[in-house]
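**Student:** sharing a model prediction with you, sequence too.
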Amino acid sequence: MPKTRSNTTRDTYAVETAPKIAPGTVAMPALTTGPSGAVLPGCGSRVIAIVQGAFLLLALISLSYATVTAFDKGSDLAMFQDMGRRWVDGVYQTEESRFYGHPPYASVLYSAMAFLSFEQLRAVFVLINLLTTFLILLLIHKLWGSNWSARTHWLLAAFLLSSAPFRVALRYGQISLILTALVLGSLLAWKKKRAGLAGLLIGLSLAKYSLTVTT
């Protein structure tokens, strides 16, 4: 009869032939293999890269859409311009004799808009909002992101550009991006012990206090 190994012998053999793992190390899971048994390394990394690339593409599409369609919108911007014109003309209320809801000094800030046509103002304001978006990302970097990786910064930018509030602000001529930059600038000034500048910036941001408070 053929000889068979005892249980003890088999256990000893399995221990001796098992791969040695150094103390303190973690065993890696088996690599993914294809139908033919070929190893497919880094599948998870490729999926993550594809998702991130799609996210960046979505951000570019969102930016392009908001920029192009902004020249056909601007209802909020028209209201700001009307406020500025009424300040220049010495009128503080609408035809229905009700206030816009902004603090009185907001009309003073908007008064410069009265000297441009709406088409000119709309083009200028689109550019201002785009520059302000870049400023927001720069302020975030200075406040919290000095140690962030380049990928983190790109993903943050993609998140901002692909968000609905960004598109709404750009298309309708809203001032939410400007207010966000003012609040972040105030935080940076406070961090640098420039209390006067911090107070000035946060005060200007109160032109629409409902956004500043929630920010």
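**Tutor:** Nice, thanks for sending it over. Note that the structure is a prediction, hence the values are computed from the model and not measured.

**Student:** the residue nearest the centre of the chain and M83: what is the separation?
**Tutor:** To find the centre residue of the chain, average its C-alpha atoms and take the closest one (C-alpha atoms, centre = their mean): that gives L160, at 2.5 Å. Between L160 and M83 the distance, using C-beta to C-beta, to the nearest Å, works out to 28 Å. C-beta here means a position set from N, CA and C on the backbone, and glycine is covered the same way.

**Student:** cool, and G74?
**Tutor:** From G74 over to M83 (counting by C-beta to C-beta), the distance is 14 Å.

**Student:** same thing with R46?
**Tutor:** To M83, R46 is 53 Å away according to C-beta to C-beta.

**Student:** how about I128?
**Tutor:** Distance of I128 to M83, computed by C-beta to C-beta: 17 Å.

**Student:** for L211, same thing?
**Tutor:** Remark: distance between L211 and M83 (C-beta to C-beta) = 16 Å.

**Student:** and these two? which has more neighbours close in?
**Tutor:** It is M83, of L211 and M83, that has more neighbours when counted by other C-beta atoms under 10 Å, with 24 against 17.

**Student:** who does the helix or strand containing the more buried one touch, helix- and strand-wise?
**Tutor:** Here M83 sits within helix 75-88, counting by DSSP states H and E. Judged by 3 or more C-beta pairs under 8 Å, 6 or more residues apart in numbering; DSSP states H and E, the packing partners of helix 75-88 are helix 104-110, helix 118-143, helix 164-172.

**Student:** quick check: buried residues in the helix or strand that the last one is followed by?
**Tutor:** Beyond helix 164-172 on the C-terminal side, the first helix or strand identified by DSSP H and E is helix 176-191. In terms of neighbour count (16 or more other C-beta atoms under 10 Å), helix 176-191 has its buried residues at 176-189.

**Student:** and of the residues you listed, the nearest to Q120?
**Tutor:** Taking C-beta to C-beta as the measure, Q120 lies nearest I178 of these, at 18.3 Å.

**Student:** residue contacts, the residue nearest to that closest one when sequence neighbours are not counted?
**Tutor:** Spatially, and ignoring its direct neighbours in sequence, I178 is nearest to T132 (5.4 Å; C-beta to C-beta, 6 or more residues apart in numbering). By C-beta atoms under 8 Å, 6 or more residues apart in numbering, the residues touching T132 are 177-178, 180-181.
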